[in-house]
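Novice: fold the stuff below for me.
(chains A, B, C and D)
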Amino acid sequence: MIPLSHYLVLSAMLFSIGVLGVLVRRNAIVVFMCVEIMLNAVNISLIGFDNYTDQVNGQIFSFMVMCVAAAEVSVGLAIVIALFRNKPTVNLDEFNLMRW
Amino acid sequence: MDLIPAPSIDLISLAPALVLSVFGMGVLILDLFIGKDKSILVFISLLGLFLTTVVTFAKGGLPVYSFQGSYVVDHFSIFFIFIFAISSALAIMLSVNYNRQENIKVGEYYSLILFCTVGMIILASSTDLIMIFLGIEIVSICLYILAGIRRNDARSNEAALKYFLLGAFATGFLLYGMALLYGATGSTQLMKIALALKTGKVVSKPLLLMGAVLLIIGFGFKVASVPFHMWAPDVYQGAPTPITAFMSVGPKAAVLASFFRVFVHAMPDMAESWILVLSIVAVLSMFVGNLGAIAQTNIKRLLAYSSVSHIGYILIALIAKNSLGSASLLFYLLAYAFTTFGAFAIVIILGRRGDEKLEIDSYSGLAYRHPVLALCMAIFLMSLGGLPPLAGFVGKFYIFSAAIKEGHVPLVVIAVLNTAVSFYYYLKVIVYMYMREPAGEFHPTLAPLSLLVVAIAVFGTLQLGIFPGPIISLAQQ
Amino acid sequence: MFLTLVTFLPLVAAGILAFIPKENEETIKQTALAFAVADFLLSLQLWADFDLTTHKMQFEFNVPWIETWGINYHVGIDGISLLLYIMTTFLTAISILASWEVKKYIKEYMMAMLALGTGMLGVFVALDFFLFYFFWEFQLVPMYIIIGVWGGPRRIYAAVKFFLYTAVGSLLMLVAIIWIYFIVQDKTGVYTTDLMYITQRLDIPLSTQKWLFMAFFMAFAIKVPMFPFHTWLPDAHVEAPTAGSVILAGVLLKMGTYGFLRFNLPLFPHASNEFLPLIAALSIIGIIYGALVSMVQEDLKKLIAYSSVSHLGFVMLGIFAFNHYGLEGALLQNLNHGLSTGALFLIVGMIYDRRHTRLIKEFGGLSKQMPKYAICFMIITFSSIGLPGLNGFVGEFLVLLGIFQVNLMYAALATSGVIFAACYMLWMFQRVMFQELKNPENMKLPDLNFRELVLLVPIIVLCFWIGLYPQPVIKTFDASVAHLVDQVNPKNFAPGGAVHAELKPGHAANGKSEVKE
Amino acid sequence: MLSLAWLVPVFPLIGSIVTGFFGLRIGKDAVGKVACGSVALSFMTTLIILAGLVMLPEEHRIYEQVVFTWFASGDLVVDFGYQIDPLSMVMMMVVTGVGLIIHIYSIGYMHEEYSYYRFFAYMNLFMCSMLLLVMGNNFLLMFIGWEGVGMCSYFLIGYYFEKKSACDAGTKAFVVNRVGDFAFLLGIMYIFKEFKTIDFTSVFAAAPNTLIYGGEAVTLITLFLFIGATGKSAQIPLYTWLPDAMEGPTPVSALIHAATMVTAGVYMVARCNALFMLAPMSMMTVAFIGGGTAIFAATIGMAQNDIKRVLAYSTVSQIGYMFLACGVGAFTAGIFHLVTHAFFKACLFLGSGSVIHGLHGEQDIRKMGGLKKYQPVTYLTFLISTLAIAGIFPLSGFFSKDEILFHSLVDGNMILWGMGVSGAFITAFYMFRLVFLTFHGESRVDPHVHPHESPKVMTLPLVVLAGLAAAGGLLGIPLIKGAHLLHHWLEPVFSFDMKAALDASAQMMIKEGHHVPAWSHLLEKEEHGLAMEIGLMLLSLVIALSGITAAYFFYIKYPTLPDRIMQGQWGYELVKNKYQVDEFYDATIVNPAIEGSFFLWKTCDAQGVDGAVNGVAKTIAWFSDQARAFQSGFVRNYALFMVVGFIGFLIVVF
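Specialist: Just a heads-up that it's a prediction; the model follows:
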């Protein structure tokens, strides 16, 4: 059996990649995809825990996460589209009307 | 043993969420069939909220658990539902005129508020990490949309985008925290987590601590505490004003309810660690919120920073982690709800299309043109500052009491010093209203519903300030 | 109940004023004055019914307010507060009459004044911590508005400074109040904020006492104001309208000294004794420093403001003499300062109304032009200097006598204040009223009118009365002061006071480790 | 009869109120009548009281009358009460008597003044305060009078308030007096601390049994009291206000700054003789300060050219004699000199007022001369008084001064006596310099001014006072047993039982476990022969005459000599500039105080204390700007902060 730590390390690495992506990328869509990577990283650890402790809560949890992620995608893309209508760019650095 | 056990669902305890969901969907569907005039939707929404409140009190023999202990109806949650209903109702009432004025003709608007309220109810009643996650997401997704509901307004868009991206990012942290907590204790239910911690059946301490920190980040983001607050000023400023008001009260209260359950109820046995982190967060929130607010010239941003600092005070109630703490949390949030809605209502009333009057210096001389509005605004600001005989003072007194009872005197001293700092910017607004000559003309839109909101808020602020007894008894149950 | 009526009558009056249309300025002014005078007369009735033989609270009224927390609406009055209370109603009436010429927003002005009246009266009668704090903060707002709206050119700066500075102190006091609340609850199991109950039962170790004392000290010392915390005062005085200054000097500062008498001394007798050297030092510095700085001021109001720092130094010194003379002297000096300095502000206000300046160098030789004014000014000046036969002397002497029993050096240093007082007051008087009438703008100043005389004459009469026959006033203090002297007498508290007063370990464990040195 | 005592100060008070508030309405004549009438009434009442007191047996000549309790706090009870005893009786007589004469004189002198009424209101108020001072039965009531006379003095010095110098002088007088009052107050408080009462009778009765002879307490008390006295009585180092006080109208100088108020210090020291006798160190201080002032002020008087200033320094010097007497324990002699000085100095001042009046305001003696033919009455009275002050037999000054000199040698020492004698010489010199320059020689009067004699209302008081100055010595004729009336009269007040006091002190010291020093020598009384007394008298007469001769030599015989000799002499310059004491005080106290105050205000207060307060505000504003700067508006920055926070908290937790 694959030890739990493998799941966790994988999950942590994926999560870190997602975080780093959010921090360094400028394209709103890409940033959002990085967030999705983070969510999926969490899914991995959830399922890993389940596998290890013989429970189902984590699996249910990960289903919920997927649903929520889907909902977030739909809303997120809608927002990006609305944004794009007003200002044809998805470069995050160009959105700082409000600051200080 | 049944293969498929019949879930024991207590419909009465679920009634508030159910009723409100039905109304929310009803509003959504009805919107398709009516014309441009959306006022019927307002009425139905308010009715829905009213009924929700009614059914909330239908349940006897508290606390009642359902879904194998994942969902609870107790005094705590009932009080919160009460707060949510009030804040949502006030938000809806404020929106009517605002939407007319800003030309927001979206029927979903009201149903989104209702759905958001459903999310809040779930959030406040959940005792399971999965449910909490669902609640948070219901609330958040509704808010993402509401923040950007002025689709043609660049600021609104920007607010929505920022809120959405950062919100999702924070969700990642929250979720990861939940996952680690689950992994460390082997359960997603708060009671079982508490039990596991108590009996020491923890898989891995580092995992647990990591999970707790991640949870703090997730929750901390949703309540806009430092250093996860940075979205708040921008989003508050960009979102439509009624939504700003709504956001700063209801959802925050809901998240705090859950925050409280997760940390105080589920993790009392590792309090030293999270109290330390939360203390830092609280202190930072107070400082950054107050300092940030001082330099603001936009009233909405000012109130945003002020709400950051208020989160700092509220977190002290969590840190106190005693029964006084929970009661003071409830009381403070209710007081805060009235006061904040009152302040935003004045902001909305003073604005009009094309001239929102959001800069503080546009308030110059308000007291001489509209003394009552100015007086109300002054009352709200002073209540936010925490001056007797207003609700904010009693709330602060309550929270500080809870903390001092636990011996957190230095924390409270920091808090009161911050209160003094906060007086500065609240006074600044009063200075403009009272002590400067009128600069321009005022054309307030004195819509009846908005004025009603002000009236309710003033009443609430004074009632809670001068005769807080009944509400305190209620909160202490 | 009667006390409540007297206390809240001004607020009711303010409410009534709200319904008078703001065009009817005369009606507004007359109504306000009528209520203020009525309130003053009613408060005199309190004195008439006052029982001089007991230190116990009188006219008590006690009803539950926030029962869950054990907070009561508890008011009452004793020898310490009675005369301050009456002076408040008196000066409120005077201030309203003094504000007859206020030009803008007269209605709002009168409402603020009356609301301020209730706030101040409440402070002096509240016998519940919560209620006290409630009034204590409540009165800040009207005063803030009065300075900020009707004040001079830098009014906003002054108003905000006044508000924030005093708020900082009082917030620390709030922390202490809550702390005491739980200490009492731990010891007796009763949740209460009742001052009388707590005063009788609060028995805490010295280290805790010190911290609590400091917290209360900050609140009251800023209000008094004691030496390093005084800088808000000149600004506030200079910018405040005349009546605002009168109230500020006459009543608001007294709230600080009253706080020491009502809270610091009885609640923390041991700590009070421990802090005596510090407070005596600050008071003496205040006396001398205030006087010296006052001497070189160019603005009349600022001069009087700094002289208040000096005078209040005497009061503080008297309080911390912990003996009968000192305390009675301090109480008497409280009244005297209220009368004399209040009158001085009125006098400066009158000249300001005529000339729109308060710079000393603009004046000179006014005696020739305004003989009535000169006489009033002269009497008040000497009252402020502390000339025997006028009110200032008896109080000052008792204070000095009191502190002399404690320490010769303190007394000697403080007594030097009487020299400086003569310097700054007489030099000012000389430059304003004497010498040649040179400035052409001063040549045609009208003398006092009837209203202005009505303002000053009662104060002058009181000055002579207290100066020549202060016995009725001192008698009023007697019983309460005797009791207070007992309370702060080191013989009456256990040395160290620690063992039996430890906090329960379960509760404030964190608090102790964090708070003790 | 004695029970009328309370009326004595009341009359002038009423007079003051009437003239002050209604003076303009009732007219000048009525004001004059009311003012003088009220003083006359007090004078007559005083006479009645005197009769009453005389009728009492000697040992019971003390009468106390409590009008009401002024205030009481704890065990401190202060009565508004009067004490009539021989000492206060003497003072009352002097105050009301001389006061009445000067009031009458003022009617003429002040006649041209617009605010005539104001003058009399102040004068009457002064009478009231002065009477309170001398009649009070406790220290605090005395202090009321003490301060009250100070206040009236302030007003009267600054009577011409449009003159800056007059105002300055008034303020200076009050402030310098306050320095003395400061010590006086401390003394009173100390007395209360020791005795738990401040009533004269109780304090003095308890003194020997409460205070240890020469102990710290009594020494401090008496020194405090004496500093108070130096303020009021213009002694070193607080004398500087008195010469400046000459800015006031001349009757004021006569009444307040010569006859009555300035001698209050002497009265006070004499009143407290029971305390001073217990404090040998203080007595020595009193004597030396007195003697020093006597000679010091006299030297300054030699070189002054303002007629009133010469008299002012002379007053300072004469009061020095009185203190010298008190300091050696000859209280009767001090009071005697006080009385005679009141007569002749009042006469001198009023005479100078007459001169000034006749010359339309001229005060510089260099612009006088030869006036005796224009003002014969003034000249004659002035001369009599001058002879009296110089100590020429048989005028009053001779007796009183001689008594002082005698006691300073017998009860004091050679140094004190030397001071007194040389002072006497200088006094005779400068007083005759004044007479010669003013009345004799060539007229140096401004040709536009036509000197004239003053009206009757002014000359009559001069005559009366000159008569008193001449005959005042009868009160205390030495040598013949029983002829020293004053001594006999004051005996009950000044009889101090030294032996009993020393015994009591010794017992107290034993009780406290201290070693008792040998005090027996203090009780030894040297007997002096008649020959010595007569010898000393003759000596002082010779000295006075030589002073006069010197003045004659310098100012009549060779009028140009003084200028030739004195030109460029540093000693002369020093004396002429009054030893630069005023300048010294300005440089060391006044200016540093003002500059220091400016420093305190501008630097300490505005920048230091308030700077700290505003600094806090500024710091907060600065942090506020910083806090704001983080809010860059970029999403990625916000996310970065979240991550940083996360890492930070991880570090905190682990």
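
Novice: okay, buried residues for the helix or strand bottoming out on mean pLDDT in chain B please.
Specialist: Lowest on mean pLDDT, DSSP states H and E among the helices and strands of chain B sits strand B:64-66, with a mean of 82. Across strand B:64-66, burial judged by 16 or more other Cβ atoms under 10 Å in any protein chain shown covers B:65-66. C-beta here means a position set from N, CA and C on the backbone, and glycine is covered the same way.

Novice: so how far is that strand off the chain centroid?
Specialist: 25 Å (Cα atoms, centre = their mean, to the nearest Å).

Novice: pairing partners for that strand, with directions?
Specialist: strand B:71-73 (antiparallel) (DSSP bridges).

Novice: quick one: mean pLDDT over the strand it pairs with.
Specialist: If you average the pLDDT over strand B:71-73, you get 88.

Novice: skipping adjacent residues, who's closest to the closest residue to chain C within the stretch 151-300 of chain B in space?
Specialist: Proximity of the stretch 151-300 of chain B to chain C (Cβ to the nearest Cβ) peaks at residue B:275, 9.7 Å away. Of all residues not flanking residue B:275 in the chain, residue B:319 sits nearest, at 5.4 Å (Cβ to Cβ, 6 or more residues apart in numbering or on different chains).

Novice: and what of residue B:355?
Specialist: Closest to residue B:355 by Cβ to Cβ, 6+ apart is residue B:443, at 7.5 Å.

Novice: that neighbour in helix, strand or coil?
Specialist: coil (DSSP: H, G, I helix; E, B strand; the rest coil).

Novice: burial check on it, number of neighbours?
Specialist: Residues near residue B:443, counting by other Cβ atoms under 10 Å in any protein chain shown, number 11.

Novice: quick check: the residue nearest to residue B:275 is in a helix.
Specialist: Yes: judged by three-state DSSP, residue B:319 forms part of a helix.

Novice: quick one: contacts for it?
Specialist: Residue B:319 sits next to B:275, B:278-279, B:282, B:325, B:403, B:406, B:408, B:411 when contact means Cβ atoms under 8 Å, 6 or more residues apart in numbering or on different chains.

Novice: from those, which land in helices?
Specialist: Using DSSP state H, the subset of the contacts of residue B:319 located in helices is B:275, B:278-279, B:282, B:325, B:403, B:411.

Novice: most widely separated two among the residues you listed?
Specialist: By the measure Cβ to Cβ, B:279 and B:325 form the most distant pair in the ones in helices among the contacts of residue B:319, at 13.5 Å.

Novice: which residues in the stretch 351-477 of chain B form helices?
Specialist: B:366-369, B:371-385, B:391-405, B:409-435, B:448-466, B:469-476 (DSSP state H, counting those that start in this stretch).

Novice: ok, chain A next?
Specialist: A:4-24, A:28-53, A:57-86.

Novice: what about stretch B:97-113, distance to the chain center?
Specialist: Its chain's C-alpha centre and that of stretch B:97-113 lie 20 Å apart, by Cα atoms, centre = their mean.

Novice: tell me how far the closest residue to chain B within the stretch 101-250 of chain D lies from chain C.
Specialist: Closest approach between the stretch 101-250 of chain D and chain B, counting by Cβ to the nearest Cβ: residue D:171, at 40.7 Å. According to Cβ to the nearest Cβ, to the nearest Å, residue D:171 and chain C sit 5 Å apart.

Novice: got the buried residues for the one helix or strand that residue maps to?
Specialist: Per DSSP states H and E, residue D:171 falls inside helix D:164-195. Using 16+ other Cβ under 10 Å as the test for burial, helix D:164-195 gives D:164, D:166-192, D:194-195.

Novice: got any ranges where chain A has weak pLDDT?
Specialist: A:100 (pLDDT under 70).

Novice: one more time with 50, if that's ok
Specialist: In the predicted model, chain A carries no residue with pLDDT under 50.

Novice: select the longest strand from chain C.
Specialist: Longest strand in chain C by number of residues, with DSSP state E as the criterion: strand C:58-66.

Novice: residues contacting the helix or strand following that one, please?
Specialist: Under the assignment DSSP H and E, the closest C-terminal helix or strand after strand C:58-66 is strand C:71-77. Under the criterion Cβ under 8 Å, 6+ apart, residues C:3-4, C:7, C:46, C:50, C:57-65, C:85, C:122, C:124-128, C:130-131, C:192-196 lie in contact with strand C:71-77.

Novice: cool, and stretch A:20-37?
Specialist: In contact with stretch A:20-37 (Cβ under 8 Å, 6+ apart) are residues A:14-15, A:17-19, A:38, A:69, A:73, A:76, A:80, A:83, A:90-93, B:161, B:165, B:168-169, B:171-172, D:635-636, D:639-640, D:643.

Novice: now do that stretch: distance from first to last residue.
Specialist: From its first residue to its last, stretch A:20-37 covers 11 Å (Cα to Cα, to the nearest Å).

Novice: ditto for stretch A:82-98
Specialist: First-to-last residue span, stretch A:82-98, Cα to Cα: 18 Å.

Novice: pull the contacting residues for residue C:335.
Specialist: Applying Cβ under 8 Å, 6+ apart, the residues near residue C:335 are C:83-84, C:87, C:391, C:395, C:466, C:473.

Novice: just flag the most distant two among these.
Specialist: Within those, C:84 and C:391 form the most distant pair, 15.0 Å apart (Cβ to Cβ).

Novice: show me which of these two is the more surrounded one.
Specialist: Of the pair residue C:84 and residue C:391, residue C:391 is the one with more neighbours under other Cβ under 10 Å, namely 31 against 25.

Novice: quick check: phi and psi at the more buried one.
Specialist: Backbone torsions of residue C:391, given as degrees, to the nearest 10, read phi -60, psi -30.

Novice: circling back to that earlier point, just the contacts of residue C:335: which are in helices?
Specialist: Per DSSP H, the subset of the contacts of residue C:335 in helices is C:83-84, C:87, C:391, C:395, C:466, C:473.

Novice: how far away is the one residue in the stretch 1-150 of chain D that gets nearest to chain B from residue C:473?
Specialist: Taking Cβ to the nearest Cβ as the measure, the stretch 1-150 of chain D has residue D:73 as its residue closest to chain B, at 37.0 Å. Distance, residue D:73 to residue C:473, using Cβ to Cβ, to the nearest Å: 11 Å.

Novice: more neighbours, these two?
Specialist: Higher neighbour count among residue D:73 and residue C:473: residue D:73, with 27 against 22, using other Cβ under 10 Å.

Novice: no more questions from me, cheers.
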